[in-house]
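S.K.: Just need the structure, nothing else, for what follows:
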Amino acid sequence: MKKTIALLALLFTVFSVRAQDSLPTQSIYLELGGAGLPYSFNYDFRFDKQRMDSWGMRVGAGGYATENDSFFSMPVMVNKLYGKGPHYFEMGFGFTFFMFDEDSYSYSYCANGYYDTNGNYICTSYYTEESTYEFILPVDGSPSLMGTMNFGYRRVPVDGGFTWRINLTPIFNNNGFWPLYAGVGFGYAF
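M.R.: Model (predicted):
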C-alpha cells in the first residue's frame, strides 16, 4: 500500500512539473450547439506546441438515439487562436459529417375530384407529402456534410485546467446559409 501511494505521489509530482513547463495546448470539452450540431465531445490541439496563439485542429463526435430516430455527427475544424493567455479570440472553418435515421412517413390526400351519379367520390389526382429532415437548413439525405465556421471567445488558463468557450458558428450547405447558429463549450485544458 505504501509503495502504491509513493508511486502515485511520484507520478503526480512528475506530471505537475511537466505541466508547469509546458503550455496547455490540448483540451477536451463538451460543446452544446456549435459545429457538432446538437452537441459533441471534442479534442482540440495546437499544431505548434510552443505557442497557444497558433493554428490548431479539433475533432469531435456527438449524437443520440431514441426509439424513433438516431443522429450521429462528427465535426472537424481547423482553427487559429489570437491573443494572450488566458483570453483568446478563436476563428476557424471546417465541416461536420452527419448521419441520421428517422421513421419516415408519407401521406396522400385527394387534390381534386368529383361525385359520380351514384354519389361516390372519385379522386382525379392525389397529392403526396413525405417527411424531410432539417437541422436548421434542409438536407438532401443521410449521410451528409454541413460546412461550418467559428468566431468566438476561448478562455484557457495559463497553467491548464477548466476551460470554456462561446462561439458564433455559421453553418451552410448546398441548400443555404445560416449565420446565427451558436455554441458553448466546457472542458479541461492540459
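S.K.: Helices of the chain, start to end?
M.R.: 2-21 (DSSP state H).
S.K.: Name the residue closest to the centre of it, please.
M.R.: Within the chain, the residue whose C-alpha comes closest to the C-alpha centroid is Gly36; the distance, by Cα atoms, centre = their mean, is 0.9 Å.
S.K.: ok, and the closest non-adjacent residue to it?
M.R.: Gly62 (4.2 Å; Cβ to Cβ, 6 or more residues apart in numbering). Quick note: C-beta positions are derived from backbone N, CA and C, even for glycine.
S.K.: Return the distance of the most far-flung residue of the chain relative to its centre relative to Phe190.
M.R.: When distances to the mean C-alpha position of the chain are computed (Cα atoms, centre = their mean), the maximum falls on Thr117, with 60.8 Å. Distance of Thr117 to Phe190, given as Cβ to Cβ, to the nearest Å: 83 Å.
S.K.: circling back to that earlier point, could you check how far the residue nearest to Gly36 is from Phe93?
M.R.: When distance is defined by Cβ to Cβ, Gly62 is 19 Å away from Phe93.
S.K.: Show me which of those two is the more surrounded one.
M.R.: When neighbours are counted by other Cβ atoms under 10 Å, Gly62 and Phe93 differ, and Gly62 comes out ahead with 23 against 15.
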